[in-house]
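In: Task: produce atomic coordinates for the following.
(chains A and B)
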Protein chains: 2
Amino acid sequence: MRNIIPDQIEGYFEKSSLIRKMFEVGISMKKQFGAENIYDFSLGNPDVPPPKEVGESLAKQAEEVSQPLSMGYMPNAGLPAVREMLAEDLSEEQKVELSPDNIIVSCGAAGAINSFLRAAVEPDEEVICPIPFFGEYFFYVENFGAKLKPVQSKENFKLDIDAIEATITEKTRAIIINSPNNPSGQIISEEEIIALSAVLTKKSEEYDRPIYLISDEPYRFLIFENAHVPPILPHYEFSLVIGSYSKSLSLAGARIGYIATNPNMREVAKLTAAITMTTRVLGFVNASIIAQKIILHSKGVGVDVNIYDERRIAMAKVLDEAGIKYQMPKGAFYFFPEVPEGFDDLEFVDLLQKHKILGVPGRAFGAPKFFRLSFCVSAKVIEASGPAFKAVMKEARSTKS
Amino acid sequence: MRNIIPDQIEGYFEKSSLIRKMFEVGISMKKQFGAENIYDFSLGNPDVPPPKEVGESLAKQAEEVSQPLSMGYMPNAGLPAVREMLAEDLSEEQKVELSPDNIIVSCGAAGAINSFLRAAVEPDEEVICPIPFFGEYFFYVENFGAKLKPVQSKENFKLDIDAIEATITEKTRAIIINSPNNPSGQIISEEEIIALSAVLTKKSEEYDRPIYLISDEPYRFLIFENAHVPPILPHYEFSLVIGSYSKSLSLAGARIGYIATNPNMREVAKLTAAITMTTRVLGFVNASIIAQKIILHSKGVGVDVNIYDERRIAMAKVLDEAGIKYQMPKGAFYFFPEVPEGFDDLEFVDLLQKHKILGVPGRAFGAPKFFRLSFCVSAKVIEASGPAFKAVMKEARSTKS
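Out: Next up is the predicted model:
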């Protein structure tokens, strides 16, 4: 019988197999050689335990759960107290006065992006994103019949504003930026935001309909050496900010985040109502009530950034000593080094694997000249990987020269 | 500026306003007259507290949360132990041997249906459902550019198999049934399932591609007078079962359910892999890890069905005494009585409201000759509503005769 699933979905198996393959390779290698002998830098699964407030909230919820409706339905946009807290936090962060009416609590950042896209994007429209980008954006956009249009960035991963402008057409409905960036670890500067906003304002007026700017910021809290992640909302009318507690509270599996609409956007209530409705009809209904109560109890709390900074420094040292080129990450927990001359990313990741190092090929992020290493592992493991990286580079030089 | 949101989404505000209007009317009436003076039968929000196992699990999770990765990412289909438990439970219930590979843990039934639709349905295809139906199906199907085709049922809400057959075209990709039914409280019999399966088998062969049968069963546990909800999987190859803990553990806000694929379906692994992938790319990523651990700890547990049965009997008495016609619900927690002669559903719901009774017009479920009353309220409130229902019917008779 033909057509058990649509051809598009069948094609996705192939497309999404890169990171899945790394998972599988990782599992089988750990079985074969022992987990402690594999340097697994493939995953962005925060291994720092959640702060103590998470446990306190769960204990409190355990006490209160015998009340009727303790775990019942709620408004689709979230618990009023959670929306209030987020409006307060985001007003400070974004330097714009948000009200709870601008907040929709979401099933993580991934849920928020899907709810936004369903609410705003029509089939055959286009969504732009700068390279490198979180590969899942491709699927999120296609869920609703639209197309992702990746745009090459400049040296050092700076936005190429001219290239973005040249990619905008009357079909462009949104642009997604991600800062601090997964995979590059770089932060988009305020100057870049201002220049991008100018282009988007001009083009929105030209086509007489908004081009939305979505700033996906799950790593905003995770910055190093006093780096600054600039606010978005003051610079562009049709902007939205998306955040998540997956990394800041190590709650990735609990699925909790938010989307905030710019209070200064014309007809903002309509867009917010649309996202609230799509949160419902996409089947999220509401963000987990348990996770909502956890973040309410954990206001102002986050995992210790110093732990990640130590790892970052350890990883930089390992890469330096092996002669691998990279740009130092200013945020998030990834290095995105260059693949050595003469290799493509798949080939080089295979070579890493031969030396028991797991990374992800850059093409998963639209950038096949690079590979990603995640530092969600202890500094000890990072340090221990030094000889393996050196052996990789030695072999790389001898193979390709 | 035009086109802040797409016209389709704008149209949804109107379409989805019926139940939302009831919410708002309810809130404002409760403010005006006091909550205890409003007979609110509009909501299906289980008010029976979650069983003690839910609190136990939360307390246990509070203790364990300080472990690294306690709340981390997991396989998109869910925790292996949860999938094992569900495979075991469903094998018994469905009289077919399921393996954990047939189970995807989901963000409630709504999440499961959306994941299935994204995995199986293409734009412009059609999804059939018998009337009356849970109104959200309409939106779920349109999320992915397909169309819902509601089919009239026979007297007493029996499936009209001939009418379903006549509605099937080469564009038909799936049919969604819901038993025990929201809103009718009726159960689809084994004879109906067998007859429906015969038609679907014939038509799938005729068009040389599967027409999936989705059985949405969040109320399977909530049945009265020894009613029997027949299994689905033994009768039809291309069948899937969807369940939820929203009602059985009063966990609606925690968003936890599942979808099970028929192990006897050809290429079942491909469909299951597709649903697992769409669970990820729609932004659910995985069902809440906290809720997964709760259901694992609550195996075999459910809220006390007798509480709902008492309410059902109390409500039947109230309706009998007022002279309102209905078919006795055999499952779920809704009555779906007839609107009296001469009224349409909106008009009659307005009349109910005048007497401080809140119900939902039948057109929200594709059946404008009916209205829905939910018995998620105490038997005391139901009994107290008797005089108001009598006054409604007295006024109805005097107005329309």
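
In: got any ranges where the stretch 301-401 of chain A has weak pLDDT?
Out: Counting by pLDDT under 70, the stretch 301-401 of chain A contains low-confidence residues at A:401.

In: where do the strands sit along it?
Out: Assignment of strands within the stretch 301-401 of chain A using DSSP state E, counting those that start in this stretch yields the ranges A:334-335, A:357-358, A:360-361, A:371-374.

In: closest to A:Glu10 out of those strands?
Out: If you check each of these against A:Glu10 by Cβ to Cβ, strand A:360-361 wins as the nearest, at 21.9 Å. Quick note: C-beta positions are derived from backbone N, CA and C, even for glycine.

In: does any part of that closest one sit near chain B?
Out: No: taking Cβ under 8 Å from any Cβ of the partner chain as the criterion, strand A:360-361 and chain B are apart, separated by no less than 14.6 Å.

In: Rebuild the strands of the stretch 301-401 of chain A as CSV, extending it with mean neighbour count.
Out: CSV is the format used below for the strands of the stretch 301-401 of chain A (neighbours: other Cβ atoms under 10 Å in any protein chain shown):
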stretch, mean neighbour count
strand A:334-335, 26
strand A:357-358, 21
strand A:360-361, 25
strand A:371-374, 27
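
In: now the ones you listed as CSV including distance to A:Val121?
Out: Written out in CSV, the entries for the strands of the stretch 301-401 of chain A read as follows (distance: least, Cβ to Cβ, whole Å):
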stretch, distance to A:Val121
strand A:334-335, 28
strand A:357-358, 35
strand A:360-361, 27
strand A:371-374, 28
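
In: Just give the closest residue to A:Phe348, not the sequence neighbours.
Out: Leaving aside its sequence neighbours, A:Phe348 sits nearest to A:Val339 (Cβ to Cβ, 6 or more residues apart in numbering or on different chains; 4.6 Å).

In: OK, contacts around that neighbour?
Out: Listed by Cβ atoms under 8 Å, 6 or more residues apart in numbering or on different chains, the contact set of A:Val339 reads A:Asp345, A:Phe348, A:Gly362, A:Pro368, A:Lys369, A:Phe370, A:Phe371.

In: Compare the residues you listed and tell me which is most surrounded.
Out: A:Phe371 (29 neighbours; other Cβ atoms under 10 Å in any protein chain shown).

In: hang on, it packs against A:Pro361?
Out: Yes: counting by Cβ atoms under 8 Å, A:Phe371 does reach A:Pro361; the two are 5.8 Å apart.

In: anything in contact with each of the two?
Out: By Cβ under 8 Å, 6+ apart, A:Phe371 and A:Pro361 have these common neighbours: A:Asp345, A:Phe348, A:Val349.

In: Where does A:Glu24 sit, in terms of helix or strand?
Out: When elements are defined using DSSP states H and E, A:Glu24 is found to belong to helix A:17-33.

In: actually A:Ile295, sorry about that
Out: Taking DSSP H and E as the definition, one finds A:Ile295 inside helix A:289-297.

In: Is that helix in proximity to chain B?
Out: Yes: where contact is defined by Cβ under 8 Å from any Cβ, part of helix A:289-297 touches chain B, namely A:Ile289, A:Ile290, A:Ala291.

In: Closest to chain B out of the residues you listed?
Out: If you rank the residues of helix A:289-297 next to chain B by distance to chain B using Cβ to the nearest Cβ, A:Ile289 comes first, at 3.4 Å.

In: Now do the closest residue to that closest one other than its chain neighbours: how many residues are near it, please.
Out: In this structure, A:Ile289 finds its nearest non-sequential neighbour in B:Gly253, 3.4 Å apart by Cβ to Cβ, 6+ apart. The local packing of B:Gly253 (other Cβ under 10 Å) involves 24 other residues.

In: Could you verify that B:Gly253 is part of a strand?
Out: No: under DSSP: H, G, I helix; E, B strand; the rest coil, B:Gly253 falls outside any strand and is assigned helix.

In: Does it touch A:Met74 like I think?
Out: Yes: using Cβ under 8 Å as the test, B:Gly253 is close enough to A:Met74 to be in contact (5.5 Å).

In: Spit out the residues that contact these two alike.
Out: A:Asn286, A:Ile289.

In: Quick one: name the residues of the stretch 101-250 of chain A near chain B.
Out: Residues of the stretch 101-250 of chain A found near chain B (Cβ under 8 Å from any Cβ) are A:107-108, A:110-115, A:118-123, A:136, A:139-140, A:143-145, A:204, A:208-210, A:250.

In: the domain parsing of chain A - what is it?
Out: A:7-49+A:303-399, A:52-297 (automatic domain parsing).

In: low pLDDT regions in chain A?
Out: Where chain A drops to pLDDT under 70, the residues are A:17, A:19-20, A:401.

In: what does stretch A:142-151 contact?
Out: Identification of contacts with stretch A:142-151 by Cβ under 8 Å, 6+ apart yields A:8, A:114, A:117-118, A:121-131, A:133, A:137-138, A:141, A:160, A:163-164, A:167, A:172-173, A:366, B:118, B:123, B:143-145, B:281-282.

In: mind listing which of these are in helices?
Out: Cross-referencing the contacts of stretch A:142-151 against helices under DSSP state H gives A:Gln8, A:Asn114, A:Leu117, A:Arg118, A:Tyr137, A:Phe138, A:Val141, A:Ala163, A:Ile164, A:Thr167, B:Arg118, B:Val281.

In: Reformat those as TSV; add neighbour count.
Out: Shown next, in TSV, are the ones in helices among the contacts of stretch A:142-151 (neighbours: other Cβ under 10 Å):
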residue	neighbour count
A:Gln8	12
A:Asn114	29
A:Leu117	27
A:Arg118	25
A:Tyr137	23
A:Phe138	20
A:Val141	25
A:Ala163	15
A:Ile164	24
A:Thr167	16
B:Arg118	25
B:Val281	24
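
In: hmm, which two among those are most spread apart?
Out: Using Cβ to Cβ, the pair of the ones in helices among the contacts of stretch A:142-151 lying farthest apart is A:Ala163 and B:Arg118, separated by 31.6 Å.

In: count of residues packed around A:Pro387?
Out: One way to gauge burial is a neighbour count; for A:Pro387, by other Cβ under 10 Å, it gives 12.

In: so how far is A:Gly283 from it?
Out: A:Pro387 sits 49 Å away from A:Gly283, taking Cβ to Cβ, to the nearest Å as the criterion.

In: Also A:Asn76?
Out: Using Cβ to Cβ, which is the criterion applied here, A:Asn76 is 11 Å from A:Gly283.

In: Those two - which one has more neighbours?
Out: It is A:Gly283, of A:Asn76 and A:Gly283, that has more neighbours when counted by other Cβ under 10 Å, with 30 against 21.

In: picking that back up, out of the contacts of A:Val339, list just those in helices.
Out: A:Asp345, A:Phe348.

In: From the contacts of A:Val339, pick the one nearest A:Ile259.
Out: The closest of the contacts of A:Val339 to A:Ile259 turns out to be A:Gly362 (Cβ to Cβ; 28.4 Å).

In: so who does that closest one touch?
Out: Under the criterion of Cβ under 8 Å, 6+ apart, the neighbours of A:Gly362 are A:Pro132, A:Pro183, A:Phe336, A:Val339, A:Asp345, A:Pro368, A:Lys369, A:Phe370, A:Phe371, A:Arg372.

In: who's in contact with the closest residue to it other than its chain neighbours?
Out: Excluding the flanking residues, the one nearest A:Gly362 by Cβ to Cβ, 6+ apart is A:Phe370, at 3.5 Å. With contact taken as Cβ under 8 Å, 6+ apart, A:Phe370 is in contact with A:Pro132, A:Pro183, A:Phe336, A:Pro337, A:Glu338, A:Val339, A:Asp345, A:Gly362.
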